[in-house]
Every structure is written in structure tokens, then in C-alpha cells.
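**Q** Sequence below, structure please.
(2 chains)
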Amino acid sequence: MSHDIRSAVLAAIARIAPEVDPATLKGDERLRQQVDIDSMDFLNMVIDLHRELGVDIPESDYGKLATVDDIVNYLNERVRSASST
Amino acid sequence: MTELRMPSLGADMEFGTLVQWRVKPGAAVKRGDVVAEVETQKGVFEIDIREDAIVSELLVAEGSRVKVGAPMAVLVPAGVRAPDERPAAAPPSVRPVMKAAPPIPVVRLDGATVPSGTPPHRPRASPLARRVAAELGIDLSAVPGTGDGGVITRSDVEQAATSAASATPPVAAMRPIEVSPKPPAATAGMREAIAAAMARSKREIPHYYLSEDVELSPAMNWLNTTNAARPVPERILPAAMLLKGVARALTRFPELNGYFVSNTFQPSAQVHLGVAITLRGGGLVAPAIHDADRLSVTELMAALADLVRRARQGGLRSSEITDPTITVTNLGEEGVRTVYGVITPPQVAIVGFGSIDERPWAEDGLIGARPVVTVSLSADHRVSDGWRGARFLRELRRLLGTPEEL
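**A** Numbering: from 1, shown residues only, chains lettered A, B, ... in the order given. The predicted structure is shown next:
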């Protein structure tokens, strides 16, 4: 599952920033430092992940989504808590 | 009977190639309908029309190269019009608008344009390699990669640059590589268009500059509450709210919204907000959100998202390129506090937003941390005075202070 989520995250990044090769992204480095994205791109990525994975991502949680690893961990938790209820 | 003419979609455009008609003779078209696709050196654009009409005749065949201003189709305006009304279906090219916006939907490193909708071929390369390639003017698709899984590395790029510079004939798999300190052709074309418009602006327009700090607690609280109740795809970005404030304020300050043409100011009855959008790979366009003052904040957000997507992926319409009545630029994302904007002629004003950040804010004898944005106005002193500009900023501040009424 975690692997699927990571590939969904990388695919979402690739869609907003087609010039970036997701394979070269460092999981623990701030995404905005590696990829040229603005708030519209970020929102589109969140929309994309919402559609792909069916998880709601409240705006108040955006601060927890700084790196690829952060995003994957966060989504893992959301998916798990959604499926356990 | 009116003619649809080839619009000018950039200051340096002389010809456009008709890629495709989207209508047939006899078709009834409504204002805003896309009737054709035109390709220029900057990419593919959709030609939309301004008034309801019947397409009477198509004058040029698909694939033809058409000079700017040349007739492409004959239109019969719909309905009966009073003779004193302005001509129906006026083609974009006859409007008194200088087409300064230099659009490029998709530009490859080698300068070739890619038709919209076709994802550009993206060689696997490290970000550093991409940066170095861009600096050296190297086309990555022609560089063999030696990294893991064939990824192009920095040394591959440098190798390619060296071999090209030493005039070694390229190996069969490689396309010719241009090594030049100049940017690639398409980017250079856009740079030239921006240069022409901005040089004209600074040469002809006596700018005056004002700025104002706007406390955004009410606006941000309203936005947070609104967004918390909405599913992800319907959330609103602060930018949409700021744009709405500008559009509303402009309805009371016509001297900031319109065109200065032939030594005369022509105020616009509509507010077509040009939104500066940076493009991936450099450069920018400022296409219009039409009638922004009449859209709700939600509608404006949808329009903005759509415009940004089409600006970056292709599919901007001719009217969006040619008719912004003012420009708004937002550089806050990069942490800039104040923008000192340069007006795009023949417009007469540009509004700039810096970053929204927490700052110490004094009110009623108390200091607190509040979200604040610095708004700037650059305006044409031939048309308005600082006093009116100041009133405009005050009106904008008032509107942003009551976001539920926006």
C-alpha cells in the first residue's frame, strides 16, 4: 500500500511539474526546494491525490506536507484510519 | 456582415497558421465560442469570437499561413442591432489594443514548439543536469544518459556541450546541438516581445507608484472557514480573493481600467483582469479573466485555475491574450514584500501583491501578529493622479476587510 501511495505522490508531482523526473526527488528534502511549484500547483497536487486515493486533506494539514516522505506518511495514516473506521 | 481576421497574438507575430476550423459554414456561434485553432511560433491558440453570429463562409483552408489582420471567415451578426452600436463581432485585431502579451504555451529547450495537448518528450535527467543544459542551451533529448537507468547527469550534459563546441560531428543518435550563450529561439522571441513592451512602457508611460499594507485577518479567517467546509477541488486560494477585490474596486475607478491609445484614454466598461502567470521554463503571460468583477470568488477561483492550466499547457484563447484592461501580478509566493510593477501598454495600471505574512500590526493602541499583504499600484500619470490611486487602494483595503461581501 505504501508503495502505491508513494507512486501516486510521485505521479501527482510529475503532473504538476512535467520537467521534473520524480525518480531524482529526495524523499527527505523540502519539495519546494527541489521543484518549482506555487500554491496553485500545490492545490492541484492535493486535488489529484484526493481523487486518486479518496482521502480528504484539510487545508490546516498543508503544513505537514513539506517533503515527499511527509506526504507519503501522512497519506498512509489517512488511508489506514479511513479503512479502519 | 463582418470578417473574422487573424489576430495578433504577440508583438512579434506576423503570420499564423490555421491548424483547424472548429466550425462549418452555416454554424451559429455564440460569444466566446472557439471557431479555430491557430499556431504561431509561440504555440497553439484558440480563436474565440466576440459576438453571437452565423458563420457564413470560411475563407482560408486548414494548413494555410495567414498574415495578421487578413480575413479568415465571413460572419453574419446575429439579431438586429441599432446602427449606433459598435460593430458586431469585431475581430480582435481591429480593437485598439497593442498585443504585448508574449504567450508560449509549450517551449522546448531546442526552441521548437509543441502543439498543445501533446505532452513534450521529457528525457530522464537530474535537476542539476536540466539546469546546466538550460544554461548551456543544450537539448536534453539529444544527450545520451550514463547515470542509473540511463538518466542524464551533469557530466553527460557538459560532455555534450564540449563535443558540440569542438565541432565534433554529432553521433548518429544525436540531433545537432546548438551551443550558444543566447536563449533558444522561442524563448528569445518571448524575451524580445517582453522587452519591446516594457521598453515602450518605460519610454512612454509616466508611472507613479503607491503602496499600502492591508491587514487580512478577516479575509484569511473567512477563507479558512469557507475552505474547511469544502471538498478539496472547490477550495479557494487567497489569490482569487485578492483578484476579486481588485476587480470590484476597479468598477469605481474607471481611470485605472482601459487603454491609452492615440493620446486618448479609453476607459473600459468591462473589467478584464490580466493575470501574470509564470511559465515553466521561463517567461510569463498575462491573459485575461473576463468580467472578473461579475464573478463570485468561487467562480473566479475556477477561472483562475483554468487560466493557469491553459497558460502552462496550451489552449489560451485569442481574446484572453488581446483584451486585458489591467494587469495584476502576485510575487508573494517567492517571499517578495512589495512589487513595483511596470505597466503593459496600452493598459494604464498594474496592481502588485507581495507575500501574505504575519507581521506586527498596531491597532487601537495594541500590537498583535496579523496576516498582512502589501499591495502596490503603478499607474499612468497621463490618465490618473496619485490621489485617485490612493483612493483606489483604500477602496481595495475596505473590500478585503469585508470578504463575505466580495
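**Q** From the chain's centroid, how far away is the lengthiest helix in chain B?
**A** Longest helix in chain B, counting residues (DSSP state H): helix B:185-204. Computed by Cα atoms, centre = their mean, to the nearest Å, the chain-centroid distance of helix B:185-204 equals 14 Å.
**Q** export that helix as PDB, just CAs?
**A** Taking Å, rounded to 0.1, in the frame of the first residue of the first chain, the C-alpha atoms of helix B:185-204 are listed here in PDB:
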ATOM      1  CA  ALA B 185      14.800  30.700 -30.300                       C
ATOM      2  CA  ALA B 186      11.300  30.600 -28.900                       C
ATOM      3  CA  THR B 187      12.400  31.800 -25.500                       C
ATOM      4  CA  ALA B 188      14.300  34.600 -27.300                       C
ATOM      5  CA  GLY B 189      11.200  35.500 -29.200                       C
ATOM      6  CA  MET B 190       9.200  35.900 -26.000                       C
ATOM      7  CA  ARG B 191      12.100  37.800 -24.300                       C
ATOM      8  CA  GLU B 192      12.100  40.200 -27.300                       C
ATOM      9  CA  ALA B 193       8.300  40.600 -27.000                       C
ATOM     10  CA  ILE B 194       8.600  41.400 -23.300                       C
ATOM     11  CA  ALA B 195      11.500  43.700 -24.000                       C
ATOM     12  CA  ALA B 196       9.600  45.600 -26.700                       C
ATOM     13  CA  ALA B 197       6.500  46.100 -24.500                       C
ATOM     14  CA  MET B 198       8.400  47.000 -21.400                       C
ATOM     15  CA  ALA B 199      10.800  49.400 -23.200                       C
ATOM     16  CA  ARG B 200       7.800  51.100 -24.700                       C
ATOM     17  CA  SER B 201       6.200  51.300 -21.300                       C
ATOM     18  CA  LYS B 202       9.100  52.900 -19.600                       C
ATOM     19  CA  ARG B 203       9.700  55.200 -22.600                       C
ATOM     20  CA  GLU B 204       6.100  56.400 -23.000                       C
END
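**Q** Residue in chain A with the shortest distance to chain B?
**A** Residue nearest to chain B within chain A: A:H50 (4.1 Å; Cβ to the nearest Cβ). Yep, even glycine has a C-beta here, placed from its N, CA and C like the rest.
**Q** rewinding a little: tell me the mean pLDDT over the longest helix of chain B?
**A** Within the predicted structure, the mean pLDDT of helix B:185-204 is 81.
**Q** Check whether it comes near chain A.
**A** No: residues of helix B:185-204 are not located near chain A by Cβ under 8 Å from any Cβ of the partner chain, the shortest gap being 13.8 Å.
**Q** Who are the contact partners of the residue of chain A closest to chain B?
**A** By Cβ atoms under 8 Å, 6 or more residues apart in numbering or on different chains, the contact set of A:H50 is A:56-57, B:231-233.
**Q** for the chain, what spans make up the helices?
**A** In the absence of a named chain, chain A is used. A:2-16, A:31-34, A:39-53, A:68-84.
**Q** actually it's chain B I care about, not the one you picked
**A** Counting by DSSP H, the helices of chain B are B:127-136, B:154-165, B:185-204, B:217-228, B:238-250, B:297-313, B:318-322, B:386-401.
**Q** could I get these as CSV with mean neighbour count?
**A** As requested, the helices of chain B are exported to CSV (neighbours: other Cβ atoms under 10 Å in any protein chain shown):
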stretch, mean neighbour count
helix B:127-136, 19
helix B:154-165, 18
helix B:185-204, 17
helix B:217-228, 16
helix B:238-250, 24
helix B:297-313, 19
helix B:318-322, 25
helix B:386-401, 17
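**Q** Now do the contacts for whichever residue of the stretch 251-400 of chain B sits closest to chain A.
**A** Nearest residue of the stretch 251-400 of chain B to chain A, counting by Cβ to the nearest Cβ: B:E333, 4.7 Å away. Residues near B:E333 by Cβ under 8 Å, 6+ apart: A:38-39, B:355.
**Q** Fine by me, thanks again.
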